[in-house]
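In: Starting from these lines, generate the structure:
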Amino acid sequence: MAPNPQCAALAAAKERKGWSYGQIATAIGQSEQHVIDICTGKSTPTTSEFNALAKVLDITSPPPADAAHATK
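Out: Reported below is the predicted structural model:
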């Protein structure tokens, strides 16, 4: 079983949408493992990856300005 996202908003959006990491990965054109790594904080997303995640999960609020939400 894949771990929950590090970000509470991301976890809530994923749950609300009812999507698996695999479905999110397909929607943004990335591997499932890469999406898991981004969501759990193991990897830092690019700005375009971060924006793609937000778009497919219908997240419209801006992210907090902290290290957990930084992009590369």
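In: Quick check: which ranges of this structure have low pLDDT?
Out: 1, 64-70 (pLDDT under 70).
In: how close does the nearest residue to residue 72 once chain neighbours are set aside sit to residue 60?
Out: Once flanking residues are discounted, residue 72 sits nearest to residue 44: 4.7 Å by CB to CB, 6 or more residues apart in numbering. Glycine gets a C-beta too; all of them are placed from N, C-alpha and C. Look at residue 44 and residue 60: by CB to CB, to the nearest Å, they are 22 Å apart.
In: Between the two, which has more neighbouring residues?
Out: Neighbours of residue 44 and residue 60, each counted by other CB atoms under 10 Å, are more numerous for residue 44; the result is 15 against 8.
In: Where does the more buried one sit: helix, strand or coil?
Out: Under DSSP: H, G, I helix; E, B strand; the rest coil, residue 44 falls in the coil class.
In: so it makes contact with residue 50?
Out: No. Contact criterion CB atoms under 8 Å: residue 44 and residue 50 do not qualify, at 9.1 Å.
In: shared neighbours, these two?
Out: Common neighbours of residue 44 and residue 50, using CB atoms under 8 Å, 6 or more residues apart in numbering, are 38, 71.
In: Distance of the residue nearest to residue 72 relative to residue 26?
Out: With CB to CB as the criterion, residue 44 and residue 26 are 22 Å apart.
In: again with residue 13
Out: For residue 13, the distance to residue 26 - CB to CB - is 17 Å.
In: all helices for this structure, in order.
Out: In the chain, the helices defined using DSSP state H lie at 8-17, 21-28, 32-39, 47-56.
In: ok, the closest residue to residue 50 other than its chain neighbours - contacts?
Out: Using CB to CB, 6+ apart and skipping residues adjacent in sequence, the residue nearest residue 50 is residue 71, 4.9 Å away. By CB under 8 Å, 6+ apart, residue 71 lies in contact with 44-47, 49-50.
In: again, but for residue 53
Out: 10, 24, 28, 35, 38-39, 45, 59.
In: again, 10 Å this time
Out: By CB atoms under 10 Å, 6 or more residues apart in numbering, residue 53 lies in contact with 5, 7, 10, 13-14, 24, 27-28, 30, 35, 38-39, 45, 59.
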